[in-house]
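Q: Return a 3D structure for these sequence lines:
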Amino acid sequence: AHFEKLCQTHLESKFVKIDAEKSPYLVEKLGIILMPTIVLIKDGKTEHAIHGFDEFGGTDDFTTSDVAYVLASHNVLNFETDRSEEISQRSTRAGLNSVRLATIRSGGQYDHASDDELYDD
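A: Take a look at the predicted model:
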């Protein structure tokens, strides 16, 4: 429902939904490893992939504005409202790691390799 709402109001972006079971070629090429996965493509290149709900606060209880905020933080949608506090509070309640959320707020690229440094015993 979130993307149906966003596609009507954010004409600067294109939204495409695929059936992963019927599209194994795209699943492999886009690196879809779990559901849900949102692949963000800009200028024909994969910019980022959102796997699961971590970037939305770690639960499936998020708003359309939260989705718009996260997409805008990756520069694939225009959205001005700061939703970082709401998402951060939800992630705290869900017990989520705050490193990813800090990356979202800063607009930086998330480096999966840095996870190894966090858990290096």
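Q: Assumed residue 75 was part of a helix.
A: No. Looking at residue 75 with DSSP: H, G, I helix; E, B strand; the rest coil, it is coil, so not inside a helix.
Q: Who is the closest residue to it other than its chain neighbours paired with across the strands?
A: Excluding its sequence neighbours, the residue lying closest to residue 75 (Cβ to Cβ, 6 or more residues apart in numbering) is residue 42, at 6.7 Å. All C-beta atoms are positioned from the backbone trio N, CA, C, and that covers glycine. Residue 42 has the following beta-bridge partners by DSSP bridges: residue 45.
Q: Help me confirm that residue 42 comes into contact with residue 76.
A: Yes. Contact status for residue 42 versus residue 76: in contact at 5.6 Å, counting by Cβ atoms under 8 Å.
Q: separation between the residue nearest the centre of the chain and residue 31?
A: Nearest residue to the geometric centre of the chain (Cα atoms, centre = their mean): residue 50, 3.7 Å. Using Cβ to Cβ, to the nearest Å, we find residue 50 at a distance of 12 Å from residue 31.
Q: where are the low-confidence patches of this protein?
A: 96-121 (pLDDT under 70).
Q: all strands of it, in order?
A: With DSSP state E as the criterion, the chain has strands at 37-42, 45-51.
Q: Kindly export the longest one (C-alpha atoms) in CSV.
A: The one in question is strand 45-51. Backbone C-alpha positions of strand 45-51 (Å, rounded to 0.1, in the frame of the first residue of the first chain) are rendered in CSV as follows:
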residue,chain,number,x,y,z
LYS,A,45,22.7,1.6,-11.8
THR,A,46,21.8,-0.2,-8.5
GLU,A,47,22.4,2.4,-5.8
HIS,A,48,21.3,0.5,-2.8
ALA,A,49,19.1,-2.5,-1.7
ILE,A,50,16.9,-2.5,1.4
HIS,A,51,16.7,-6.0,2.7
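Q: That one: which residues count as buried?
A: 48-51 (16 or more other Cβ atoms under 10 Å).
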